[in-house]
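*Asks:* Just need the structure, nothing else, for what follows:
(5 chains)
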Amino acid sequence: MPATFIGLLVALFAVFLGAFTHHVSPVFLVSNITALLIVFGGALGATMASFEMEATKGVFSAIKRTLFPKPMADGSSTLATLVEFARKARHEGLLSLESEVGGLDDAFMRRGLQLAIDGNDPDAVAQVMRTDIRAMKARHKVPADWCTSFGIFAPTFGIIGAVIGLIATLGELDEPEKLGAGIAAAFVATFLGVFLANGVMLPLANRMKRLSAQEVQGREMVLEGVMAIQGGQNPRVIEETLMSYLSPSDAALVRSSSDG
Amino acid sequence: MPATFIGLLVALFAVFLGAFTHHVSPVFLVSNITALLIVFGGALGATMASFEMEATKGVFSAIKRTLFPKPMADGSSTLATLVEFARKARHEGLLSLESEVGGLDDAFMRRGLQLAIDGNDPDAVAQVMRTDIRAMKARHKVPADWCTSFGIFAPTFGIIGAVIGLIATLGELDEPEKLGAGIAAAFVATFLGVFLANGVMLPLANRMKRLSAQEVQGREMVLEGVMAIQGGQNPRVIEETLMSYLSPSDAALVRSSSDG
Amino acid sequence: MPATFIGLLVALFAVFLGAFTHHVSPVFLVSNITALLIVFGGALGATMASFEMEATKGVFSAIKRTLFPKPMADGSSTLATLVEFARKARHEGLLSLESEVGGLDDAFMRRGLQLAIDGNDPDAVAQVMRTDIRAMKARHKVPADWCTSFGIFAPTFGIIGAVIGLIATLGELDEPEKLGAGIAAAFVATFLGVFLANGVMLPLANRMKRLSAQEVQGREMVLEGVMAIQGGQNPRVIEETLMSYLSPSDAALVRSSSDG
Amino acid sequence: MPATFIGLLVALFAVFLGAFTHHVSPVFLVSNITALLIVFGGALGATMASFEMEATKGVFSAIKRTLFPKPMADGSSTLATLVEFARKARHEGLLSLESEVGGLDDAFMRRGLQLAIDGNDPDAVAQVMRTDIRAMKARHKVPADWCTSFGIFAPTFGIIGAVIGLIATLGELDEPEKLGAGIAAAFVATFLGVFLANGVMLPLANRMKRLSAQEVQGREMVLEGVMAIQGGQNPRVIEETLMSYLSPSDAALVRSSSDG
Amino acid sequence: MPATFIGLLVALFAVFLGAFTHHVSPVFLVSNITALLIVFGGALGATMASFEMEATKGVFSAIKRTLFPKPMADGSSTLATLVEFARKARHEGLLSLESEVGGLDDAFMRRGLQLAIDGNDPDAVAQVMRTDIRAMKARHKVPADWCTSFGIFAPTFGIIGAVIGLIATLGELDEPEKLGAGIAAAFVATFLGVFLANGVMLPLANRMKRLSAQEVQGREMVLEGVMAIQGGQNPRVIEETLMSYLSPSDAALVRSSSDG
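*Replies:* Down below sits the predicted model:
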């Protein structure tokens, strides 16, 4: 299910096979040293300059996590856990959750419930959890912005490479046999700039943003659940509300099992 | 009234007839294997990589629903139902709606009224309904974003195809009879990229967003109506407020019939 | 004072006269059947597909209303009416306005004041009026978005037409006397796409948005006035506040006449 | 210190001197009647059509005010006045300001203080002042939007002029000595469109927005000051708060003089 | 760790080395007087005209600060200081901080705590601090906007330079040996415009925005801390909340040391 890895392979394969059907060697497209230096080096330099060094260092592991994302917490089981806790807290009091909380895998839920059990003010609990979500969003945003930035710079350095290739060609008008090479370098730079952006970096940035949004949504469900548990709300209403965070198919499953 | 289906046919027909009047065969425009691989394969791969696999799987049925949308709930009759319920609730109490609610076709209205009848706090009812609307919006947004993404990537892979076509041409400068084919592939890739985007994917994305906005608006009218019923508001004021959700012609119809 | 009609004529005249000074016949620019089919038909189809059929049907009358807009309600006289009503309501009570309200031309002011006189809660009155303004904005937005959409699609179909024209030319390299026609069709499509967008559709969309904003502002002034009247505010303060909705010259006029 | 006037001169001089070093006469660049008609006439018409006639009439004086802006109210002396008034109001009561207010140059401060002295509700005073600021912003936005609009349309009419120039050239392929003129007209139109936008209209629009923002900020400082005076706040806290509206160097000056 | 300086060097080196591998002299790329005048002079003039003179004067020192940024306040030690102060204030009262505050390096924290110790209303303290943060953001925004503006204008003057170069070439069709120079000037202007934007100005603007955001975030942490201290909140909750402002690695360090 690593959609990003598969998608990037599909794009790469389609473009290189397409080139091949037209007698353009894929090797030729990626081995022009002038084009590689200008497009890859230029876009990398401009993107590095746009960010603090930590962002550039951290982007490679972020790309790896995007190509092969860890499975997310399952929404239905998170919901079941929260509703179960709500029932217990309503019948036996919030303190009865003390023993359950320690065993939770989800560090965010554990932290929120512990703060609630410790008797902190609901507003303070919500504030800690919300600041935590906001900080996670800000952390996720850095590599996504980095890839977007690279994807914006790459085609502009493709233009720079093309222009330099054409200038080179002008100096060799008297050696027509070299004309082709000059123009080819111009077009290879354009190709590299557009492909690095649209075939690699922008899809990665898009996916990073979606993965982040999904993780944020999962945490907002937990936040809403913890608030409702601390507020002693009716578990049935909690279930109804949190169910909206699930996909329709998951919600239908939960509904049928909780009615059954 | 499937405006999207008709509109896409009009665009397709206009472009291909236009090409035909100029002695360019429509078949020629869509049968270049190099261009198809690079533009369609590349844009599909880049879009797949931008989304989780479920989004790509679900997009085809979403496109079908957009080409042939189911008729929406009729605003005037929704309004009439809500005002009728408001009258009954004001005179006979909220519980008197119990028998009516089961027979409602509109699952969203049924759920909201049932929560109100069950005596839940108005804020809790509103929260459940609002989270529901928000979740529906998020669900609708995925295929619209998918098509937008495809529509943004397609022309860039059109450029990639054009550049590869031109590189191929450079290698055949000594075989002038092949020049035409090389340049044609370049232009066909450009054509395919721009047409797939502007003649297909972006109009689909636009329409998806509008259909979603209409469905959201319909549900907001129901939410406002349920809130007003639970709050025991004057049915006349409810009618006045909800009428603003109707088109002017529908509103005039309601007004004349309710005055008559 | 129909600025849009005059402006569009100026643009059309300037472009066609400019072409004429350069020995390019305006007739030539608008009579190429290939370019017309692809650019006009393509952009129309793509825009139709982006909207429900009602939007496309309603756009022609909206364009007519934009070319020849009806005169707006005069801000100064609306202000005078509201301040006069405020004085009367403060001295003789809100009910004293009953007789005045029936004769009002402005249906929005009439509706708001009637709701206030009927003794509805100020929040309910404001809600009805605000929903009304929001609904008017949404209604105005449809044809403006339609024209914007057409204005975005037109140049892209201009590119499609140009590409098809160039492909046609490639097939006639051996008949040089036809080369000119092929390239001309390419350029005429580009011209039509860019001109339909920037010389017609985008200015129309811009003006529609401005007319809507002005009408919304006029209604917000009425809303604020009705609220202040119902709240029994000091007429002098009402006048001061509402005056900010007028242009400086109108405000100066009101000020001098109310001080005089 | 008229930065906009100087900046526009620098851009104009750099471009025309650059052209001259390359043996292209500045006169040649601005005297092509075809290009002038299409680019200037077309962009003017499209912009006129986008706005009500008053906006077009008012733009020339707005441009003059932007080239040679009147000196703004000095932040430090506004602050000193407000703090002085705060001290007086705190010791001798708000009414003691009556005699001072009449002599104020700043009409906005005068109006706000007068409303406060007249015993109006603080919320009403704030509302009048805020509506006034909002109305000023809306007024300033019109010529800025007009220039932005012109700056967006101009390059598109540059493309239209270029296309028409190229079409003209196609008709004269048999008279090669006229080829140059046709292509020159094409390029001159492109030049004019890009230069009118980026060398004139967009910088003007940028500066208009900045001047407006500065004036808005000055008024927000006065608004905050009047509110604090009416609320009887500690003059020292008022000074601390308002100081943040000053540039760091002005703030340091105020700080040293108030500590001294 | 001056990432911006290194990044810009990488981009510059990659582009010039790439040009060199293709037999285009870096000196040639930056010594064309026509291109330099039009691109650098034009973009500088247009940007100057967009801003008040102070902004242009201040941009050079802002660029220096961006290339070699001063080390930021260390988040963990700021947190430790605030938590320490919170403990002391809770046990010995807010006034006990009087002696500590004078020695603080961080002027923003010193000012906020002093206002709190002086017994000002928490809302007033928050307002002063928030206005201060807002003013700092506005100050930082000016050079970032200046560089962005330059980066937007530069490529458009690159187009102007290219067009003028091509016009010059048209006048020398009869002297083919000068053709190369004309076209080279055209391409060099394009190169300069795109490189000045994407290889210099836009990365600088990006980094300026990030540095500002980091400084803002540091101050928001201090603001939240001072509010919590003045409100007498539990130091443990303060620590939990503020920890979200740290990077995960810093937070883990703080956590382990505060648990140990």
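
*Asks:* CA atoms for contacts and neighbours, from now on please.
*Replies:* Noted.

*Asks:* The helix or strand where A:Phe60 lies vs chain B: in contact?
*Replies:* Per DSSP states H and E, A:Phe60 falls inside helix A:53-67. No: using Cα under 8 Å from any Cα of the partner chain, helix A:53-67 never reaches chain B; the gap is at least 8.8 Å.

*Asks:* list the contacts for the spatially closest residue to A:Gln127 that is not a sequence neighbour?
*Replies:* Nearest residue to A:Gln127, sequence neighbours excluded (Cα to Cα, 6 or more residues apart in numbering or on different chains): E:Thr241, at 7.3 Å. Residues in contact with E:Thr241 (Cα atoms under 8 Å, 6 or more residues apart in numbering or on different chains) are A:127-128, A:131-132.

*Asks:* Equivalent analysis for A:Glu239, please.
*Replies:* A:79, A:83.

*Asks:* What's the separation between it and E:Gln114?
*Replies:* To E:Gln114, A:Glu239 is 48 Å away according to Cα to Cα, to the nearest Å.

*Asks:* C-terminal to the lengthiest helix in chain A, what's the next element?
*Replies:* In chain A, taking DSSP state H as the definition, the longest helix is helix A:122-170. Counting by DSSP H and E, the element after helix A:122-170 in chain order, helix or strand, is helix A:176-195.

*Asks:* Identify each buried residue in that following helix, please.
*Replies:* A:179-195 (16 or more other Cα atoms under 10 Å in any protein chain shown).

*Asks:* so A:Gly45 makes contact with E:Leu8?
*Replies:* Yes: between A:Gly45 and E:Leu8 a contact is recorded at 5.8 Å, counting by Cα atoms under 8 Å.

*Asks:* And the host helix or strand of A:Arg219, what does it pack against?
*Replies:* For A:Arg219, the host element (DSSP H and E) is helix A:202-230. Packing partners of helix A:202-230 (3 or more Cα pairs under 8 Å, 6 or more residues apart in numbering or on different chains; DSSP states H and E): helix A:3-21, helix A:53-67, helix A:75-92, helix A:107-117, helix A:122-170, helix A:235-243, helix B:42-50.

*Asks:* go with 7 Å
*Replies:* Under the contact criterion of 3 or more Cα pairs under 7 Å, 6 or more residues apart in numbering or on different chains; DSSP states H and E, helix A:202-230 touches helix A:75-92, helix A:107-117, helix A:122-170, helix A:235-243, helix B:42-50.

*Asks:* I'd like the ones you listed laid out as a markdown table, including mean pLDDT and distance to D:Val142.
*Replies:* Below are the helices and strands packed on helix A:202-230 laid out as a markdown table (pLDDT from 0 to 100; distance: least, Cα to Cα, whole Å):
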| stretch | mean pLDDT | distance to D:Val142 |
| --- | --- | --- |
| helix A:75-92 | 91 | 50 |
| helix A:107-117 | 92 | 50 |
| helix A:122-170 | 92 | 32 |
| helix A:235-243 | 85 | 46 |
| helix B:42-50 | 97 | 40 |
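
*Asks:* looking at the ones you listed, which is buried most?
*Replies:* helix B:42-50 (a mean of 30; mean count of other Cα atoms under 10 Å in any protein chain shown).

*Asks:* Please identify the buried residues of the helix holding A:Arg219?
*Replies:* Those would be A:202-212, A:215-223, A:225-230, for helix A:202-230 by 16+ other Cα under 10 Å.

*Asks:* so that helix versus helix A:3-21, what angle?
*Replies:* 170 degrees (axes from the mean of the first three to the mean of the last three Cα atoms, to 10 degrees).

*Asks:* What angle do helix A:122-170 and helix A:202-230 make with each other?
*Replies:* 180 degrees.

*Asks:* and helix A:202-230 with helix B:42-50, angle?
*Replies:* 30 degrees.

*Asks:* ok, residues contacting stretch A:109-120?
*Replies:* Outside stretch A:109-120, the residues that touch it by Cα atoms under 7 Å, 6 or more residues apart in numbering or on different chains are A:94-95, A:98, A:101, A:104, A:125, A:129, A:222, A:226, A:230.

*Asks:* if I read this right, A:Met201 contacts A:Cys147, doesn't it?
*Replies:* Yes: here A:Met201 reaches A:Cys147: they are 5.3 Å apart, a contact under Cα atoms under 7 Å.

*Asks:* Return the distance of the residue in chain A that chain E sits nearest to relative to E:Pro26.
*Replies:* Nearest residue of chain A to chain E (Cα to the nearest Cα) works out as A:Ala49 at 3.7 Å. Distance of A:Ala49 to E:Pro26, given as Cα to Cα: 21 Å.

*Asks:* follow-up on the earlier one: can I get the helices and strands packed on helix A:202-230 in JSON lines with distance to B:Leu12?
*Replies:* JSON lines is the format used below for the helices and strands packed on helix A:202-230 (distance: least, Cα to Cα, whole Å):
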{"stretch": "helix A:75-92", "distance to B:Leu12": "43"}
{"stretch": "helix A:107-117", "distance to B:Leu12": "52"}
{"stretch": "helix A:122-170", "distance to B:Leu12": "31"}
{"stretch": "helix A:235-243", "distance to B:Leu12": "43"}
{"stretch": "helix B:42-50", "distance to B:Leu12": "20"}
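
*Asks:* now for the ones you listed, which one comes closest to C:Leu82?
*Replies:* helix A:122-170 (44.7 Å; Cα to Cα).

*Asks:* Leaving out sequence neighbours, find the closest residue to the residue in chain A that chain B sits nearest to.
*Replies:* Nearest residue of chain A to chain B, counting by Cα to the nearest Cα: A:Thr4, 3.7 Å away. Spatially, and ignoring its direct neighbours in sequence, A:Thr4 is nearest to B:Ala49 (3.7 Å; Cα to Cα, 6+ apart).
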